[in-house]
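J.: how would this look folded up:
(2 chains)
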Amino acid sequence: MPEVLKAPLVVEFPFTRSLGPVQSAFLTGLRERVVLGVRTGDGRTLVPPVEYDPVTAEELRDLVEVAPTGTVTTWAWNHAPRRGQPLDTPFGWALVRLDGADTSLLHALDAPGPDVLRTGMRVRIRWAAERSGAITDIACFEPYDGDPAESGAHSGEFEDTVTGIVAPARLDYTYSPGRAQSAYLGALSERRTVGERCPSCRKVYVPPRGACPTCGVATAEQVEVGPRGTVTTFCIVNIKAKNLDIEVPYVYAHIALDGADLALHGRIGGIPYDQVRMGLRVEPVWTPGARHPDHYRPTGEPDADYESYKELL
Amino acid sequence: MSKESVAVTGIGQTKHVAARRDVSIAGLVREAARRALEDAALTWADIDAVVIGKAPDFFEGVMMPELYLADALGAVGKPMLRVHTAGSVGGSTALVAANLVAARVHRTVLTLAYEKQSESNAMWGLSLPIPFQQPLLAGAGGFFAPHIRAYMRRSGAPDTVGSLVAYKDRRNALKNPYAHLHEHDITLEKVQSSPMLWDPIRYSETCPSSDGACAMVLTDRAGAARSPRPPAWMLGGAMRSEPTLFAGKDFVSPQAGKDCAADVYRQAGVADPRRDIDAVEMYVPFSWYEPMWLENLGFAEQGEGWKLTESGVTELDGDLPVNMSGGVLSTNPIGASGMIRFAEAALQVRGQAGEHQVDGARRVLGHAYGGGSQFFSMWLVGDRPPTS
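T.: Below is the predicted model:
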């Protein structure tokens, strides 16, 4: 059995967040070195603040300032900080109840080692030198043995408020196309197209996925199809996609390779885009080093009869 | 024991727009939920459970957003469920909520669906670069355009039918204060001369990208009796799915869609949908899907759906109005779009659709589909409770 392929897949996007009134005040406050909580119906102060009362569901808008000092309510040691974390040396993740707050805020706690951390220890905010209205305006917490800091009495009203943030997200996967696709890709490297036949309905799947989605049984019998095929339907793409190096307009087509029981998708070339038609007979065009056919071009055969491909659109 | 009857007694929507930068996601869903509660004259305490839906998490990049939204939806201490079936999710979310009432698990359920598309980029979210695959396309339009061409070939429909749908839906949207697109200067010529994006789909025949939420209060007969406004009654509801791609798949008229509609009609005692149903809110993200779904849902024979559109039957004052609200073509917060169809169907039978009300609408179908035409959800609502 050929080797099953694997490759890294990184999914990354800078999401934007509209903050709404409460988070807007909270993050603008951090920029100004002010920590704001919100007062609930039962008189508690929640830090970080939320927009809606967790008990009554009522809207919360009563912002109150709390102190930049507080108490660790629990913690865990992070031996190996990863990319994008608040500190690049080992640190503690701590829940800190700021003086004046009834709930705890999660942040990094800078300390020489886990031995010095304990529940109940006193800490204070270390502010970032440059602040923009983000949770990272708190660089981290640090041990503190002075008196509780006075909380100010900020109203939560600011000029030039932060109304949105950008939250970059990144996920690292290892992608494997599986046995059937790996075999398909292996055959493509020899410029052959090999699908798999369902043992139950006898349909030939190209590309194969290792199972028949209709019958729910594994497929294994390999069947070479093509190389020629029929354009069963298509569209003309006039939008240049950022991540695609294809000039527009181009034709994106469903192509039923001879012997296949469903169409695969490919680009049509070697013919003006406005002359492509359903039923056009095509063959793959390979370029050196490419995994897939670059595109399909007309074979010059007469067009296929609609009846011959109408189930393969 | 027979099923409990399910009534819609509260409906709330946000004004759908391109970007709601003034609210968080929590603030957005809250707005729709509050309006639904006010419509039903209920408070958070009257709600027994919350069922929420949205499209893929990638669209806003908040993983499991239902956890963070529990406070905003008054769900603390109550069951809260999330439903996900791609673009049809708004419909399937409503049906999961309805089933909880029908099964007498809960008496009054708040159901809500939303999308805040301005926080991301759906085209990106749908076009991840998968290793070993050849990148050929970006976005949904290129995926659906070949199927539309297949429909045109199969039915022999004239090229202009798609533009007629877009022109109708955009004019209907002018009568709906919650619709995203309000193109006051729309003309048929403008639709027909808009740029061809994915031939045969023109720019004006595609849906917008919207921020919005839609909520409904579903309740049992006792709850409906206390409702200050006329309820809408669920007469039938069903979901079906099928694989995205399989040998023999009919993208023009998927079997799962036909089966889903047949199930709804059987439950509701509908023998002839064309005769027995007064209006339809169907999921039409690209204009040509109106004639395609008219056939799939049994309102026309195969290949004949475009004739209903072309002859004006689906106009607001036609014999079978379709997408009175302006439809997905005028408003598309993806996760909410299906629920908006369901809610607009309910508004019609309650007689509360305002300027886009169809006179005498007694039985109206709400329809949603999603993925690569692989998930379907539908309900039929009426102005009277089911007889059986």
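
J.: looking at chain B, which helix or strand is least sure?
T.: helix B:122-125 (a mean of 68; mean pLDDT, DSSP states H and E).

J.: which residues of the stretch 201-313 of chain A lie near chain B?
T.: A:201, A:203-205, A:212-214, A:232-239, A:241-244, A:246, A:249, A:252-254, A:261-262, A:265-267, A:278, A:291-292, A:306, A:310-311, A:313 (Cβ under 8 Å from any Cβ of the partner chain). No exception for glycine: its C-beta is placed from N, CA and C like everyone else's.

J.: tell me the buried residues in stretch B:97-110?
T.: For stretch B:97-110, a neighbour-count test (16 or more other Cβ atoms under 10 Å in any protein chain shown) marks B:97, B:98, B:99, B:100, B:101, B:102, B:106, B:107, B:108, B:109, B:110 as buried.

J.: could you tell me the end-to-end distance of it?
T.: End-to-end distance for stretch B:97-110, by Cα to Cα, to the nearest Å: 8 Å.

J.: so does that stretch get close to chain A?
T.: No: Stretch B:97-110 stays clear of chain A (Cβ under 8 Å from any Cβ), getting no nearer than 10.9 Å.

J.: show residues contacting that stretch.
T.: Applying Cβ atoms under 8 Å, 6 or more residues apart in numbering or on different chains, the external contacts of stretch B:97-110 come out as B:3-6, B:33, B:36-37, B:42, B:46-51, B:73-74, B:79, B:111, B:215-220, B:222-223, B:234, B:237, B:379.

J.: where does the prediction get shaky in the stretch 101-250 of chain B?
T.: Where the stretch 101-250 of chain B drops to pLDDT under 70, the residues are B:122-126, B:138.

J.: all helices of it, in order?
T.: Ranges of helices in the stretch 101-250 of chain B, per DSSP state H, counting those that start in this stretch, are B:122-125, B:140-155, B:161-173, B:188-192, B:221-225.

J.: quick one: is the fourth one near chain A?
T.: Pointing back at helix B:188-192 there. No: judged by Cβ under 8 Å from any Cβ, helix B:188-192 and chain A are separated, with a smallest distance of 15.9 Å.

J.: what packs against that helix?
T.: With contacts taken as 3 or more Cβ pairs under 8 Å, 6 or more residues apart in numbering or on different chains; DSSP states H and E, helix B:188-192 sits against helix B:161-173.

J.: Provide the secondary structure category for residue A:182.
T.: Applying DSSP: H, G, I helix; E, B strand; the rest coil to residue A:182 yields a three-state assignment of helix.

J.: contact partners for it?
T.: Counting by Cβ under 8 Å, 6+ apart, the residues that residue A:182 touches are A:2, A:3, A:4, A:5, A:176.

J.: find the nearest non-adjacent residue to the second one, please.
T.: Yep, that's residue A:3 we're talking about. residue A:182 (6.9 Å; Cβ to Cβ, 6 or more residues apart in numbering or on different chains).

J.: likewise residue B:48?
T.: Distances taken as Cβ to Cβ, 6+ apart put residue B:106 closest to residue B:48, at 3.9 Å, once the chain neighbours are dropped.

J.: give the bridge partners for residue A:205, please.
T.: When bridges are called by DSSP bridges, residue A:205 pairs up with residue A:196.

J.: against residue A:194, how distant is it?
T.: 11 Å (Cβ to Cβ, to the nearest Å).

J.: kindly report the same for residue B:311.
T.: Residue B:311 is 50 Å from residue A:194, by Cβ to Cβ.

J.: residue A:305: how many residues sit nearby?
T.: Residue A:305 has 10 neighbours, counted by other Cβ atoms under 10 Å in any protein chain shown.

J.: go ahead and confirm it touches residue A:279.
T.: Yes: proximity of residue A:305 to residue A:279 meets the contact threshold set by Cβ atoms under 8 Å, at 7.2 Å.

J.: check contacts around the closest residue to residue B:37 other than its chain neighbours.
T.: What sits nearest to residue B:37 in space, not counting adjacent residues and going by Cβ to Cβ, 6+ apart, is residue B:10, at 6.0 Å. If you count contacts by Cβ under 8 Å, 6+ apart, residue B:10 has them with B:36, B:37, B:38, B:39, B:40, B:42, B:215, B:216, B:217.

J.: name the nearest residue to residue A:170, ignoring sequence neighbours.
T.: In space, and not counting its chain neighbours, residue A:170 is closest to residue A:12: 4.5 Å by Cβ to Cβ, 6+ apart.

J.: helix or strand: which one has the one you found?
T.: Using DSSP states H and E, residue A:12 sits within strand A:7-18.

J.: tell me the bridge partners for residue B:214.
T.: With DSSP bridges as the criterion, residue B:214 is bridged to residue B:13, residue B:113.

J.: can you count the residues close to it?
T.: For residue B:214, using other Cβ under 10 Å, the count is 35.

J.: mind listing what it touches?
T.: Counting by Cβ under 8 Å, 6+ apart, residue B:214 makes contact with B:11-14, B:32, B:90, B:112-114, B:336, B:339-340, B:343.

J.: quick one: which of those is nearest to residue B:369?
T.: Of all those, residue B:369 sits closest to residue B:90, with 10.9 Å by Cβ to Cβ.

J.: the helix or strand harbouring that closest one: how far from the chain's middle?
T.: Assigned by DSSP H and E, residue B:90 belongs to helix B:89-102. The chain centroid and the centroid of helix B:89-102 are separated by 13 Å under Cα atoms, centre = their mean, to the nearest Å.

J.: with stretch B:318-331 instead?
T.: For stretch B:318-331, the distance to the chain centre is 11 Å (Cα atoms, centre = their mean).

J.: ok, and for that stretch, which residues are buried?
T.: Under the neighbour-count criterion of 16+ other Cβ under 10 Å, stretch B:318-331 has B:318, B:320-331 buried.

J.: again with stretch B:343-351
T.: Applying a neighbour-count criterion of 16+ other Cβ under 10 Å, one finds B:343, B:344, B:345, B:346, B:347, B:348, B:349, B:350, B:351 buried in stretch B:343-351.
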